[in-house]
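**Student:** I would like the atomic coordinates for the input below:
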Amino acid sequence: MNKELMEALDILEKEKHIKKAAMLEAIENSLLTACKNHFGRADNIKVDIDPDTCDFSVHAQKEVVEQVEEPLLQISLAEARMMNPDFQIGDTVQIPVESRSFGRIATQNAKNVILQKIREEERRVLYNDWYALEKDIVPGVVQRYLGRNISINLGKVDAILSESEQVRSEVFQPTERIKVYVLEVKDTTKGPRISVSRSHPDLVKRLFELEVAEVKDGTVEIKAIAREAGSRTKIAVKSNDPNVDPVGACVGVNGSRVGSVVHELRGEKIDIINWDDNAAYLIENALSPAKVICVVADEEAREALVIVPDYQLSLAIGKEGQNARLAAKLTGYKIDIKSETQAREQGLFEEMGLEGQTEEGVYENYQEDYPEDYQEDYQGDYQEDYTNDYQNDYQGEYDDYQDENTPE
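**Tutor:** Next up, the predicted model:
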């Protein structure tokens, strides 16, 4: 048993995760290379390695002939019978080759073959490990600025945070620890080349998976994300368990969970809304914290008209249009926002059959403002257009209203 070789292979497998089979193959190739350098050719050389004991042997296969013309490939019958009297013309003889007799150049070339294989296997293992982490987040340490790019140390490899993937408001110091999103892993001759990001929307998703157990196990699902890195992010969440509030789960007790994500993103604001399969409700939620009177969504054209109270118009649009812009990204709809006054001037309420209504979905406001029209106008229109929702959400309140206002 070749104990020294076995121990060396075990260390390589443990520390560098290079499989023993790959190294045994490298040793076999190195011996063949050494034979080629020593003899000038290695067509008839055969290397046998026992994977259990790491014992190896090298043999040259020679044909038994009457008269030798190619000494490297042939052996005379007389010489062959000195080894075994039973040999005949045409038989193949296995001649042991002493690898110790190889010259310095042949030995050096064999060594280089093994070292090259070790480097290749190291690169392969690193690439496979990091390729599995593509589209995930990893911790890293800021090393230095390379022009406008940043070098991030990820352990055994370095990554590049390019200017286009940085958040403008973020400034890092050397040795600072941050989390980055792995954008792409490329295999190169110098090892894996890893590109990372701090501005990608999925960075927020992965951070919530780390902080919120319900998101990680699939109880709460993040359906959509719209992000303007460094400023504000909107995420739409849906619960697959009726007993779990998706927004509450993501916010956490006293905002502890969302607070951890905000801290990692250096104070970036995060709005968490409920996902709804109904496009109108989803758009209404996406425009929060603004209140909405009504939403008319065209699913084919992917366009929506939103009417909001006059005092909510600036809030719905947001600073420099940010709230409306993020809502459009989140829902995938082109959103046209109009105030209640604009809608009445343009006759939109009459066109949509909503004349007399304000702040649709907020029952208390409507009942307070239009108590006489409620029974004939609001209840009729709402029940016709939203029968299922009416039965579930408003029937009980209407019954109470009817009891209180029915003449004795």
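
**Student:** where does the closest residue to T219 other than its chain neighbours land in three-state SS?
**Tutor:** Leaving aside its chain neighbours, T219 sits nearest to D241 (5.1 Å; criterion: CB to CB, 6 or more residues apart in numbering). To be clear about C-beta, it is placed using only N, CA and C from the backbone, and glycine gets the same treatment. The three-state label given to D241 by DSSP: H, G, I helix; E, B strand; the rest coil is coil.

**Student:** please tell me how far D241 sits from A249.
**Tutor:** According to CB to CB, to the nearest Å, D241 and A249 sit 10 Å apart.

**Student:** so what's the residue lying closest to E170 once chain neighbours are set aside scoring on pLDDT?
**Tutor:** Once flanking residues are discounted, E170 sits nearest to R266: 5.6 Å by CB to CB, 6+ apart. Listed pLDDT for R266 reads 92.

**Student:** which strand or helix spans F172?
**Tutor:** Assessed by DSSP states H and E, F172 sits outside every helix and strand.

**Student:** parallel or antiparallel, list what pairs with the strand ranked longest in the chain.
**Tutor:** Determined from DSSP state E, the single longest strand within the chain is strand 177-188. Strand pairing for strand 177-188, using DSSP bridges, gives strand 137-146 (antiparallel), strand 191-197 (antiparallel).

**Student:** of all the ones you listed, which lies closest to A159?
**Tutor:** strand 191-197 (4.0 Å; CB to CB).

**Student:** list of residues touching that closest one?
**Tutor:** 122-123, 126-127, 130-131, 138, 140, 152, 154, 157-162, 165, 180-187, 203 (CB atoms under 8 Å, 6 or more residues apart in numbering).

**Student:** mark which of the residues you listed are buried, thanks.
**Tutor:** 122-123, 126-127, 130, 138, 140, 152, 154, 157-159, 161, 165, 180-183, 185, 203 (16 or more other CB atoms under 10 Å).

**Student:** re earlier: out of D241 and A249, which sits in the more crowded spot?
**Tutor:** Neighbours per residue (other CB atoms under 10 Å) separate D241 from A249, with A249 holding more: 20 against 12.

**Student:** and the pLDDT at the more buried one?
**Tutor:** As summarised for this prediction, A249 has a pLDDT of 94.

**Student:** quick one: the residue lying closest to it once chain neighbours are set aside from V237, how far?
**Tutor:** Nearest residue to A249, sequence neighbours excluded (CB to CB, 6+ apart): E214, at 4.5 Å. Separation of E214 from V237 (CB to CB): 9 Å.

**Student:** what sits in contact with each of these two?
**Tutor:** 220, 246, 249-250.

**Student:** so which of those residues are in strands?
**Tutor:** Short answer: the shared contacts of E214 and V237 in strands (DSSP E) are V220.

**Student:** most neighbours, which of the shared contacts of E214 and V237?
**Tutor:** Result: P246 is most packed of the shared contacts of E214 and V237 (other CB under 10 Å), 26 neighbours.

**Student:** that one reaches I235, doesn't it?
**Tutor:** No: contact criterion CB atoms under 8 Å: P246 and I235 do not qualify, at 10.0 Å.

**Student:** now list whatever residues contact both of these two.
**Tutor:** With CB under 8 Å, 6+ apart, P246 and I235 have no common neighbours.

**Student:** what are the phi and psi values at E340?
**Tutor:** The phi and psi torsions at E340 (degrees, to the nearest 10) take the values phi -60, psi -40.

**Student:** my read: it touches V308, true?
**Tutor:** Yes: counting by CB under 8 Å, E340 touches V308, with 7.0 Å between them.

**Student:** can you check which residues contact both of these two?
**Tutor:** Contacts common to E340 and V308, judged by CB under 8 Å, 6+ apart, are I293.

**Student:** neighbour count: these two, which is higher?
**Tutor:** More neighbours surround V308 than the other of E340 and V308, with 26 against 20 (other CB under 10 Å).

**Student:** per-residue pLDDT, that one?
**Tutor:** Reported pLDDT for V308: 91.

**Student:** same question for N2.
**Tutor:** 60.

**Student:** looking at the strands paired with strand 177-188, which is buried most?
**Tutor:** Stretch with highest mean neighbour count among the strands paired with strand 177-188: strand 191-197 (a mean of 21; mean count of other CB atoms under 10 Å).

**Student:** pLDDT of it, averaged?
**Tutor:** 92.

**Student:** can you count the residues close to the residue lying closest to R148 once chain neighbours are set aside?
**Tutor:** Closest residue to R148 apart from its sequence neighbours, by CB to CB, 6+ apart: E163 at 4.2 Å. A count of neighbours around E163, defined by other CB under 10 Å, yields 10.

**Student:** can you give me the pLDDT of E163?
**Tutor:** For E163, the predicted pLDDT is 93.

**Student:** and the helices in the stretch 151-300 of the chain?
**Tutor:** Ranges of helices in the stretch 151-300 of the chain, per DSSP state H, counting those that start in this stretch, are 201-211, 213-216, 246-251, 256-264, 279-286.

**Student:** as CSV, the ones you listed with distance to A229 would be great.
**Tutor:** Shown next, in CSV, are these (distance: least, CB to CB, whole Å):
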stretch, distance to A229
helix 201-211, 8
helix 213-216, 20
helix 246-251, 19
helix 256-264, 13
helix 279-286, 19
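
**Student:** those helices: which one's closest to L315?
**Tutor:** The nearest among the helices of the stretch 151-300 of the chain, by CB to CB, is helix 279-286 at 13.3 Å.

**Student:** with only the CA atoms kept, save that closest one in PDB.
**Tutor:** The C-alpha atoms that make up helix 279-286 are tabulated as PDB, following Å, rounded to 0.1, in the frame of the first residue of the first chain:
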ATOM      1  CA  ALA A 279     -56.100  43.700 -11.100                       C
ATOM      2  CA  ALA A 280     -58.200  46.600  -9.800                       C
ATOM      3  CA  TYR A 281     -57.700  45.700  -6.200                       C
ATOM      4  CA  LEU A 282     -54.000  45.100  -6.800                       C
ATOM      5  CA  ILE A 283     -53.600  48.500  -8.300                       C
ATOM      6  CA  GLU A 284     -55.500  50.100  -5.400                       C
ATOM      7  CA  ASN A 285     -53.200  48.300  -3.000                       C
ATOM      8  CA  ALA A 286     -50.100  49.300  -5.000                       C
END
